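In: Compute the structure for the input listed below.
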Amino acid sequence: MSKALLAAFRNNYLSRMNQTNMMNRILILIASLFAVAAYAQVPNLPTPDVPSGPAPIPAAPVLGAKSYILQDFYSQQILVEHNADMRVEPASITKLMTSYVVFKELAAGKIKLEDTVVVSENAWRTGGSRMFIDPTMTPTILDLILGMIIQSGNDACVALAEHIAGSEEAFAGLMNHYAEELGMTGTHFMNSTGLPDEQHYTTARDVARLSSAIINEFPDYYAWYSEKEFTFNEIRQHNRNTLLWRDPAIDGLKTGHTESAGYCLASSALRDGMRLVAAVMGSDSESSRASESQTLLNYGFRFYETIQLYEAKSVLATAKVWKGLEEEVSTGLEHPMFITIQRGRYDDLSAKVELQPNLTAPIAEGQVVGSINITLDNELVANRDLVTLGAVEEAGFFGRTWDGLMLWADGMMGDDEGEGEEEIDEAKTPDESSE
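Out: This is a model prediction of the structure:
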């Protein structure tokens, strides 16, 4: 075969091969297009309907009592309230203030738990609930405290009042003094027992405030409110707060009842570091005051959480200081900062520091120089003053003169937008140990 024929055969073969490859490529392309078209026609899988945030909080429970309130102990935030400022009779809830005055006297060293008390005929003849003391006895201060708190003894209250102030009337003056000091603006006491008197009244809000004060100021004495029984003179009586048997988280405080006041209960419970305080006034029965109080407490624990955002005296921001020996000063909170929010919303909180502009020495330690604002969904939920954590003395003549010129120049150039504000991203670190 000649070279010309071989060349022609080769060229024809290569041409056919190229055509075949081209057809194969076209077929592959067409198949791919059909595949893409078929794939594009497959419907997307439905997205699961997963809530993007926490479940909504149901409406607060509606109770049958005349007035009631539920608040967090640490943040003092009110979670539920109904007629909380309505004037009501406290009945034996009065004994919370009686015990508060006694605790104050103990803390001041004016009386001791082992001191003995002379029982007057007036104390012995006091009506209502009793611990059954008489003028032949010399009970100790501790006996009378337990008789007052656990047995709700009116005779114990009068004996304590007379021992401390000379008369129950004078003791009521002390009660009203401390009520005013605590901000109990809707309260007035006429006696130490809670026996009815037209000028003897309180509010649910004031009862919660007093309860919180007892827990906060006298944690050691507060333990007596969780005692379930007390025996004196061979007479055993049980605590009338039946919630102590129902829920181990509940550890106080006091019941009350008269015909005109109805059934009352101040209670507190601690669960997982969160403490709530409730006051139910004017309930219909002993069982209803307990169940209504339990309902309030359960609602608070179920749907809210309390978080310590910042410790006292921890540095939250530094402020520029003019005309001082130091150029800046650390700022923080005088007291720990707690907030109570809906469960699951912690990550949605925002914190912003606002500092006073142009702080000038001298600056005293503890001086208010700004504030910290906590917001949730752009709504303010907490605000606290920022105070200086140290003092800054005034600089010398040249230092003051130089800073004066700098302030003048700064004023001539104008303030920067947003000066004095600072976002805090890392400061929302809860302290797990709340109590």
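In: Please tell me how far Q367 sits from K313.
Out: Using Cβ to Cβ, to the nearest Å, Q367 is found at 14 Å from K313. Backbone N, C-alpha and C define where each C-beta goes, glycine included.
In: So what's the residue count around A165?
Out: By other Cβ atoms under 10 Å, 18 other residues sit near A165.
In: Does the residue nearest to it when sequence neighbours are not counted lie in a helix or a strand, and which?
Out: Using Cβ to Cβ, 6 or more residues apart in numbering and skipping the chain neighbours, the partner closest in space to A165 is F171 (3.9 Å). Under the criterion of DSSP states H and E, F171 resides in helix 168-181.
In: Can you name the residues in contact with that helix?
Out: With contact meaning Cβ atoms under 8 Å, 6 or more residues apart in numbering, helix 168-181 is reached by 97-98, 100-101, 104, 122, 158, 160-162, 164-165, 187-192, 206, 210.
In: between Q367 and K313, who's got more neighbours?
Out: Comparing Q367 with K313 by neighbour count (other Cβ under 10 Å), the higher total belongs to Q367, at 17 against 13.
In: The more buried one against T388, yeah?
Out: Yes: between Q367 and T388 a contact is recorded at 4.9 Å, counting by Cβ atoms under 8 Å.
In: Report the central residue of the chain.
Out: For the chain, S75 is the residue whose C-alpha lies nearest the centre (Cα atoms, centre = their mean; 2.5 Å).
In: other SSEs contacting the host helix or strand of I69?
Out: Assigned by DSSP H and E, I69 belongs to strand 67-72. Applying 3 or more Cβ pairs under 8 Å, 6 or more residues apart in numbering; DSSP states H and E, we find strand 67-72 packed against strand 78-82, helix 204-217, strand 274-283, helix 286-303.
In: Out of the ones you listed, flag the one nearest F132.
Out: Nearest to F132, of all the helices and strands packed on strand 67-72, is helix 286-303, at 21.6 Å by Cβ to Cβ.
In: Run a quick neighbour tally on P219.
Out: Neighbours of P219 using other Cβ under 10 Å come to 10.
In: What distance do you get for it to I141?
Out: Distance from P219 to I141, by Cβ to Cβ: 19 Å.
In: Helices along the stretch 251-400 of the chain, start to end?
Out: Per DSSP state H, counting those that start in this stretch, the stretch 251-400 of the chain carries helices over the ranges 286-303, 397-413.
In: My error: substitute the stretch 1-150 of the chain in the last question.
Out: Under DSSP H, counting those that start in this stretch, the stretch 1-150 of the chain gives helices at 3-40, 95-107, 121-124, 141-149.
In: Lowest mean pLDDT across those helices, which one is that?
Out: Mean pLDDT is lowest for helix 3-40 out of the helices of the stretch 1-150 of the chain, coming in at a mean of 41.
In: Where do the strands of the stretch 251-400 of the chain begin and end?
Out: 262-271, 274-283, 304-310, 317-322, 328-332, 337-342, 349-355, 359-360, 368-376, 379-388 (DSSP state E, counting those that start in this stretch).
In: Can you say which of those strands is packed in most?
Out: strand 274-283 (a mean of 27; mean count of other Cβ atoms under 10 Å).
In: how distant is that one from the center of its chain?
Out: 14 Å (Cα atoms, centre = their mean, to the nearest Å).
In: on contacts alone, who are the packing partners of it?
Out: Strand 274-283 packs on strand 67-72, helix 204-217, strand 262-271, helix 286-303, strand 304-310, going by 3+ Cβ pairs under 8 Å, 6+ apart.
In: again, 10 Å this time
Out: strand 67-72, strand 78-82, helix 204-217, strand 250-258, strand 262-271, helix 286-303, strand 304-310, strand 337-342 (3 or more Cβ pairs under 10 Å, 6 or more residues apart in numbering; DSSP states H and E).
In: Can you list the strands that it pairs with?
Out: Sheet pairing of strand 274-283 (DSSP bridges) gives strand 67-72 (antiparallel), strand 262-271 (antiparallel).
In: for these, which one sits closest to R240?
Out: strand 262-271 (8.9 Å).
In: can I get the CA coordinates of that closest one in PDB?
Out: Presented in PDB, the C-alpha positions along strand 262-271 are these (Å, rounded to 0.1, in the frame of the first residue of the first chain):
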ATOM      1  CA  GLY A 262     -58.500  36.200 106.900                       C
ATOM      2  CA  TYR A 263     -55.600  33.700 106.400                       C
ATOM      3  CA  CYS A 264     -52.200  35.200 105.600                       C
ATOM      4  CA  LEU A 265     -48.800  33.700 104.800                       C
ATOM      5  CA  ALA A 266     -45.400  35.200 104.200                       C
ATOM      6  CA  SER A 267     -43.200  32.500 102.600                       C
ATOM      7  CA  SER A 268     -39.800  32.000 101.000                       C
ATOM      8  CA  ALA A 269     -38.100  29.300  99.100                       C
ATOM      9  CA  LEU A 270     -34.600  28.600  97.700                       C
ATOM     10  CA  ARG A 271     -34.100  26.400  94.600                       C
END
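In: rewinding a little: just flag whichever of the helices of the stretch 251-400 of the chain has the lowest average confidence.
Out: helix 397-413 (a mean of 63).
In: Can you check the pLDDT for the closest residue to E327 other than its chain neighbours?
Out: Using Cβ to Cβ, 6+ apart and skipping residues adjacent in sequence, the residue nearest E327 is V321, 6.1 Å away. The model reports V321 with a pLDDT of 82.
In: Around M148, count how many other residues there are.
Out: Neighbours of M148 (other Cβ under 10 Å): 29.
In: roughly how far apart are the closest residue to it other than its chain neighbours and T98?
Out: Excluding the flanking residues, the one nearest M148 by Cβ to Cβ, 6+ apart is A156, at 4.3 Å. Per Cβ to Cβ, A156 is found 9 Å from T98.
In: Settle it for me: which of these two has more neighbours?
Out: A156 (33 against 30).
In: mind listing what the more buried one touches?
Out: Residues counted as contacts of A156 (Cβ atoms under 10 Å, 6 or more residues apart in numbering) are 95, 98, 117, 119, 123, 126, 129-133, 139, 143-150, 192-193, 232.
In: Then A91?
Out: Contacts here follow Cβ under 10 Å, 6+ apart; on that basis A91 touches 128, 152, 193-196, 200, 202, 254-264, 281-282.
In: Kindly report the same for Q151.
Out: 129-132, 229-232, 235-240.
In: what is the orientation angle of the helix holding F171 with helix 95-107?
Out: If you take axes from the mean of the first three to the mean of the last three Cα atoms, to 10 degrees, helix 168-181 sits at 90 degrees to helix 95-107.
In: Let me have the helices and strands packed on strand 274-283 in CSV, extended by distance to A59.
Out: Below are those laid out as CSV (distance: least, Cβ to Cβ, whole Å):
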stretch, distance to A59
strand 67-72, 14
strand 78-82, 10
helix 204-217, 19
strand 250-258, 24
strand 262-271, 22
helix 286-303, 10
strand 304-310, 14
strand 337-342, 14
